[in-house]
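>>> Dropping the sequence and predicted coords here.
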Amino acid sequence: MATNPARRVRLGTWQEQFIRWIEEPEEDAVLAAATYFDFRQLHGELDAEAPLRRIAGYAAGNRRFLGRLAVAALWRRPPLGFLHHLRGDHHGRIDLKAHGTAPIVDLARLLALEAGDPAVATTARLQAAADHGTAGTAAADLAAAFEYLQQLRLRHQAERLAAGAVPDDAVPLAELTALQRHWLKDTAELLHTYQERVRVAYRTDLIG
């Protein structure tokens, strides 16, 4: 992003972009918001954090924007097949990022923005959503599922590095223990249940 001239702009331009993404939530705008609303200011003298977080907070009152963000949060589904069995790819693998942690990140972003909370980290967003009442009782379970999937993913990557292979996120189901597969299925079921709640709450089937 830092190499993109369109993103090396003044604070005022960033503020205008944030407002436009919220007020005109077409698909490209929602994708941009999902990326740039997660920003963290790590270096530099520009006082950008507070004013941009304040504008992102406007999303809490914009049902149209939140509805579009809800649609985006349902794009990546948990790895469940017929009768809700774990479903791997044609090699019997499950991508723990694409079908595990990433959908939880998307849900946490939606819930925190709905609550008007400036948190950025996924577990902090889920806690904020619970505190503000936008996540119901499932926030702690989603946070625990996120932590478990992260641990499983990092363990898999460390094992591949130790074996001299390129690390990835695709874990072969055959390499998991029965207990790990059971927990993975539980996290997938939880994610599916919460995505269904979001689908109903925002009536995403009716959003074009």
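In hand now; what should we look at?
>>> Can you list the low-confidence ranges for this structure?
Across the chain, the stretches falling below the confidence threshold (pLDDT under 70) are 1-2, 208.
>>> could you pull out the strands for it?
93-95, 170-172 (DSSP state E).
>>> Buried deepest among the ones you listed, which one?
Highest mean neighbour count among the strands of the chain (mean count of other Cβ atoms under 10 Å): strand 93-95, with a mean of 20. In this view, the C-beta of every residue, glycine as well, is placed from N, C-alpha and C.
>>> ok, the closest residue to Ala139 other than its chain neighbours - how many residues close by?
Sequence neighbours aside, Ala130 is the residue nearest to Ala139 in space, at 3.7 Å (criterion: Cβ to Cβ, 6 or more residues apart in numbering). For Ala130, the count of nearby residues is 19 (other Cβ atoms under 10 Å).
>>> likewise the one 3 residues further on?
Using other Cβ under 10 Å, Gly133 is surrounded by 10 other residues.
>>> Would you confirm that Ala72 contacts Asp106?
Yes. The criterion here is Cβ atoms under 8 Å, and Ala72 meets it with Asp106 at 6.6 Å.
>>> list residues touching both of the two?
Common contacts of Ala72 and Asp106 (Cβ atoms under 8 Å, 6 or more residues apart in numbering): Ala34.
>>> out of these two, which sits in the busier spot?
When Ala72 and Asp106 are compared on other Cβ under 10 Å, the one with more neighbours turns out to be Asp106, at 21 against 18.
>>> need the contact list for that one.
By Cβ under 8 Å, 6+ apart, the neighbours of Asp106 are Ala34, Ala72, Ala73, Trp75, Arg76.
>>> hang on, the earlier thing: list the residues that contact the residue nearest to Ala139.
Taking Cβ under 8 Å, 6+ apart as the contact definition, Ala130 lies against Gly136, Ala139, Ala140.
>>> I'd like the distance between the second one and Ala29.
Yep, that's Ala139 we're talking about. 27 Å (Cβ to Cβ, to the nearest Å).
>>> Between those two, which is the more surrounded one?
When Ala139 and Ala29 are compared on other Cβ under 10 Å, the one with more neighbours turns out to be Ala139, at 23 against 17.
>>> That concludes my questions; thank you for your assistance.
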